[in-house]
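Colleague: have a look at this fold, sequence not included:
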Ligand SMILES: NC(=O)c1ccc[n+]([C@@H]2O[C@H](COP(=O)([O-])OP(=O)(O)OC[C@H]3O[C@@H](n4cnc5c(N)ncnc54)[C@H](O)[C@@H]3O)[C@@H](O)[C@H]2O)c1
Ligand SMILES: [Zn+2]
């Protein structure tokens, strides 16, 4: 239908219009062009199920056409996209006429738009602006429209919306949708022949499962739930449609007549009542009081819409907005229709979650352990309310699997609070000028002469720079070191670290504990007070439990849990310097990867020197109260007591004795202080005993006494 070159031009031209560039064309020339562009995008969206613009962008083009036509009514043509609904006719099925045209919906994006809609409706109905008008509000399901015709309580026909006037007959596929009843007792309500309208969708989790099965079978994946549903409706064989486990939410009557052929829907009174009846008849309908509401105040309708925008991500079905409808069916008829949409209803559209833009460049960032993360730089584009120009590409495999190229048009998505990501490149829009993204073999950050080859460990997706000479890695380490998860230095976030780094005050984590507070106080935006607060936070962090320091060293693979385990097994952080990989493995839950990485870290003299400096600066390097195992011993003679052994023991080795003490609930410490509870004394005790005696608060036990109390 559209050739490649033609598509590229239509796309490029659309973006020019959207960029708001000055288009000094007379209206008479803009109008046909806009119509042509919109028709192209409708084809991509409805027929190909693969749009190249976001809905928001499409709506912007549409509004531009609408505005121009309003200024120049003489130039409006009957085939303009504003005068009819977009067509999804494929020609693959028999086409059937709709008794009552199936229309689109007008769009709104915020509470103001809704208030404007409220004013317009009231004007049309000759109502006072302040008078009450009841609205029904419900989710706008994002799938494929379906019209189900029942005669004498039996499903006789199902059709798609098609071009609004004709639809495509897809009864065979509707029959396999379990939420579409094959019979329904409409006759109880005097309805002999009815058409009900709804949206066919696939639940998000089913969509994920379906794609997982397809991936396992080596089949191409479905792009999104919407086109899985619309595609499912148009399958040739109902078996394939059934496999998708589609569902149909019914949201209104198209028409309904009694045995004489007279209208019998109006008698139902309100849209709300009509939906209640459809619920009773066994249709899947938005649930009253939860998924739908009724209110006579447009502000409350807007609140309901906004509340649903929050709920959108957690809701099991894809919705792209809400629909606000005049509830009274007689008033609906009075308000009437344009050739495009009813005047009594409006869609409240949620912020678009997809957008297309150009991939300009790829930059690389280096993480605290040297991980190289590629970041796409794109032409800035609005997405779900924020401007996006940078998107993470995760790793090399991601780029390869998506076959991304520089210069590509890419589809971005941002769902809920999730960070934006690239869904795919729009391959059909390539013109041959795109260039491959060449993955670096040496560190892309390193600016020195030396070339540092990147390394990639077996089973890992990320490439790493083993030694970032340029310091980028150190910066990331410091940022991590002070962060909540590690040393948790209050008030010293990424921004300050970057600033101090720039100023040359921070080179390694050791510098965190010797910052020039006088100079900081003189920095713009600081002052004595904040500098002093910062100093106090740093001082406080010096007393942190040992596991925080260990975690804050950014040792590859050493997470919080393993840091805590290590902290429980040493008296001083430098004890680890003497450990072999074997010794690490003796600790339950410490695996070979952690063992290898920690051992390597502590084998490096630079690291040991840093730790000594940290100790000198007053940073705690010994296990504290908080380092004790979480699963504490709760019974035993020494529960909660700190204990120290001194002198040579006769019956047990020092290590065995310590283990026995721990099993009895004691915590082993390494120095005599006011905090010491118990001192166990062997042969030839030294100064520790004297010190403890001098304190007078320490309980002193012989080895035998200890053994008797600790048990066997
Ligand atoms: N990205 C693109 O290039 C592109 C192209 C064409 C259209 N579009 C999108 O499609 C829109 C126009 O499509 P449309 O005409 O299908 O309109 P629409 O999807 O905005 O609204 C009409 C449809 O909403 C559905 N709907 C879901 N829940 C409903 C409910 N509770 N009550 C009533 N209807 C409900 C109906 O099936 C109806 O057909 C545009 O605004 C745009 O967002 C995008
Ligand atoms: Zn590097």
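Modeller: Noted; the coordinates are in hand. Keep in mind that what you see is a predicted model, and the values were worked out from it rather than measured. Ligands and ions are numbered 1, 2, ... in the order given.
Colleague: okay, residue 488: pLDDT?
Modeller: Looking at residue 488, its pLDDT reads 93.
Colleague: and it, what are its phi and psi?
Modeller: Dihedral pair for residue 488: phi 50, psi 50, per degrees, to the nearest 10.
Colleague: what do you get for the one 10 residues further on?
Modeller: For residue 498, the backbone dihedrals (degrees, to the nearest 10) come out as phi -60, psi -40.
Colleague: which residues are in contact with it?
Modeller: 475, 479 (C-beta atoms under 8 Å, 6 or more residues apart in numbering). Using the backbone N, CA and C atoms, a C-beta is placed for each residue, glycine as well.
Colleague: may I see the buried residues of stretch 203-222?
Modeller: 203, 206-207, 210-211, 222 (16 or more other C-beta atoms under 10 Å).
Colleague: could the residues you listed be laid out in TSV, adding secondary structure, pLDDT and distance to residue 567?
Modeller: Below are the buried residues of stretch 203-222 laid out as TSV (DSSP: H, G, I helix; E, B strand; the rest coil; pLDDT from 0 to 100; distance: C-beta to C-beta, whole Å):
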residue	secondary structure	pLDDT	distance to residue 567
203	coil	95	46
206	helix	94	46
207	helix	93	45
210	helix	93	46
211	helix	89	43
222	coil	85	48
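Colleague: just checking, residue 298 touches residue 112?
Modeller: No. Contact criterion C-beta atoms under 8 Å: residue 298 and residue 112 do not qualify, at 10.5 Å.
Colleague: of these two, who's got more company?
Modeller: Each of residue 298 and residue 112 had its neighbours counted (other C-beta atoms under 10 Å), and the higher figure belongs to residue 298 (21 against 10).
Colleague: give the contact list for that one.
Modeller: Residue 298 touches 114-115, 117-118, 133, 135, 324, counting by C-beta under 8 Å, 6+ apart.
Colleague: can I see the domain layout of the protein?
Modeller: As assigned by automatic domain parsing, the chain contains the domains 4-75, 103-349, 354-436, 472-541, 546-626, 632-710.
Colleague: can you list the ones you listed in TSV and add distance to residue 87?
Modeller: Shown next, in TSV, are the domains of the chain (distance: least, C-beta to C-beta, whole Å):
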stretch	distance to residue 87
domain 4-75	6
domain 103-349	4
domain 354-436	21
domain 472-541	51
domain 546-626	55
domain 632-710	70
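Colleague: for residue 466, find the nearest of the ones you listed.
Modeller: Between residue 466 and the domains of the chain, the shortest gap by C-beta to C-beta is with domain 354-436, which sits at 6.2 Å.
Colleague: any idea how far the closest one is from the middle of the chain?
Modeller: Centre-to-centre, domain 354-436 and its host chain are 16 Å apart (C-alpha atoms, centre = their mean, to the nearest Å).
Colleague: residue contacts, the residue in the stretch 501-650 of the chain positioned nearest to ligand 1?
Modeller: In the stretch 501-650 of the chain, the residue that lies nearest ligand 1 is residue 559 (42.7 Å; C-beta to the nearest ligand atom). Neighbour list for residue 559: residue 551 [criterion: C-beta under 8 Å, 6+ apart].
Colleague: with residue 53 instead?
Modeller: 14, 18, 41, 44, 61, 356 are the contacts of residue 53 under C-beta under 8 Å, 6+ apart.
Colleague: name the SS class of the fourth one, please.
Modeller: Under the three-state scheme (DSSP: H, G, I helix; E, B strand; the rest coil), residue 44 adopts helix.
Colleague: what about the closest residue to it other than its chain neighbours, helix or strand, and which?
Modeller: Nearest residue to residue 44, sequence neighbours excluded (C-beta to C-beta, 6 or more residues apart in numbering): residue 51, at 5.0 Å. Using DSSP states H and E, residue 51 falls within no helix or strand.
Colleague: can you pull the phi/psi pair for residue 51?
Modeller: The phi and psi values for residue 51, taken as degrees, to the nearest 10, are phi -70, psi 150.
Colleague: burial count for it?
Modeller: Counted with other C-beta under 10 Å, residues neighbouring residue 51 total 22.
Colleague: same check, this time on residue 581
Modeller: Counted with other C-beta under 10 Å, residues neighbouring residue 581 total 15.
Colleague: contact partners for it?
Modeller: 592, 595-596, 599.
Colleague: write out the residues of the stretch 51-200 of the chain neighbouring ligand 1.
Modeller: Contact residues, the stretch 51-200 of the chain versus ligand 1 (C-beta under 6 Å from any ligand atom): 51, 53-55, 58-59, 85-86, 104-105, 107, 138, 140-141, 145, 161, 199.
Colleague: let's see which of the residues you listed end up in helices.
Modeller: 55, 58-59 (DSSP state H).
Colleague: among those residues, which one sits closest to ligand 2?
Modeller: residue 55 (41.9 Å; C-beta to the ion).
Colleague: ok, now how distant is that closest one from residue 335?
Modeller: To residue 335, residue 55 is 25 Å away according to C-beta to C-beta, to the nearest Å.
Colleague: about what we covered before: could the buried residues of stretch 203-222 go into a markdown table alongside distance to ligand 2?
Modeller: As requested, those are arranged in a markdown table below (distance: C-beta to the ion, whole Å):
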| residue | distance to ligand 2 |
| --- | --- |
| 203 | 46 |
| 206 | 45 |
| 207 | 41 |
| 210 | 42 |
| 211 | 37 |
| 222 | 40 |
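Colleague: now, which of those sits nearest ligand 1?
Modeller: For the buried residues of stretch 203-222, the closest approach to ligand 1 (C-beta to the nearest ligand atom) belongs to residue 203, at 15.4 Å.
Colleague: roughly how far apart are the closest one and residue 318?
Modeller: Applying C-beta to C-beta, the value for residue 203 to residue 318 is 9 Å.
Colleague: equivalent analysis for residue 30, please.
Modeller: Residue 30 is 34 Å from residue 318, by C-beta to C-beta.
Colleague: residue 457 now?
Modeller: 38 Å.
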